[in-house]
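Q: Below are the sequence and a predicted model for it; my questions follow.
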Amino acid sequence: MMGSFSLIGGELSAPGAITGGIAEALIATAFGLGIAITALLPFNFLNARMEEARHEIESAATQLELLVQPAHAPAVLHLRERSDEAAAREEAVRRERELHRRREALERQMADLKRELEREELQVRVLPPRERAHQPQTVKE
């Protein structure tokens, strides 16, 4: 084909030379197609056999898994239940500690408020009645 194009560019008086190059390219294309089609037949055959073998292996693996799974399922379930129970116990202990910490904080806060209230009551008792009337009322939160 390249030879034909170079002849077209150079001289236009030799049509046989141009057609000879085109014929050569067509023959090469026909042989290439023949080889490709011939190679495609065994490729498709072997590909189909491979897919059948893969399907059979997957089916056998699934059957084997179904046969083996019930024997090990209770042990796995038992382990999972034990780990769930341990996790639940840990969570309960964590919650109990948190509640204990909050209770202690509230008890400290109540003790502080009691001391403050006692101080306020003491100040009110110590002040003479006249000063109590002029004492501004403060509200603490």
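A: Ah, there it is. These numbers come from a predicted model, not from an experiment.
Q: which helix in the protein runs the most residues?
A: Identified as the longest helix of the chain according to DSSP state H is helix 15-126.
Q: In stretch 21-35, which residues are buried?
A: Residues of stretch 21-35 classed as buried under the neighbour-count rule (16 or more other C-beta atoms under 10 Å) are residue 21. C-betas here are computed from N, CA, C, even on glycine.
Q: now that stretch: mean pLDDT?
A: In this model, stretch 21-35 has a mean pLDDT of 90.
Q: From the contact counts, what lies against the longest helix of the chain?
A: If contacts are counted by 3 or more C-beta pairs under 8 Å, 6 or more residues apart in numbering; DSSP states H and E, helix 15-126 sits against helix 2-10.
Q: avg pLDDT for the helix it packs on?
A: On average, helix 2-10 scores 59.
Q: Same question for stretch 109-127.
A: 87.
Q: same deal with stretch 86-100?
A: 90.
Q: what's the burial count for residue 104?
A: Residue 104 has 10 neighbours, counted by other C-beta atoms under 10 Å.
Q: quick one: it and residue 125, what's the gap?
A: Counting by C-beta to C-beta, to the nearest Å, the gap from residue 104 to residue 125 is 32 Å.
Q: Same question for residue 109.
A: As for residue 109, its distance to residue 125 is 25 Å (criterion: C-beta to C-beta).
Q: cool, and residue 68?
A: Residue 68 sits 85 Å away from residue 125, taking C-beta to C-beta as the criterion.
Q: burial of residue 20, as a residue count?
A: 14.
Q: same question, residue 95
A: Around residue 95 there are 10 residues (other C-beta under 10 Å).
Q: That one and residue 104: what is the separation?
A: Computed as C-beta to C-beta, the residue 95 to residue 104 distance reads 15 Å.
Q: same question, residue 49
A: Relative to residue 104, residue 49 is positioned 76 Å away (C-beta to C-beta).
Q: One more: residue 30?
A: Plainly put, residue 30 is 96 Å away from residue 104 if you go by C-beta to C-beta.
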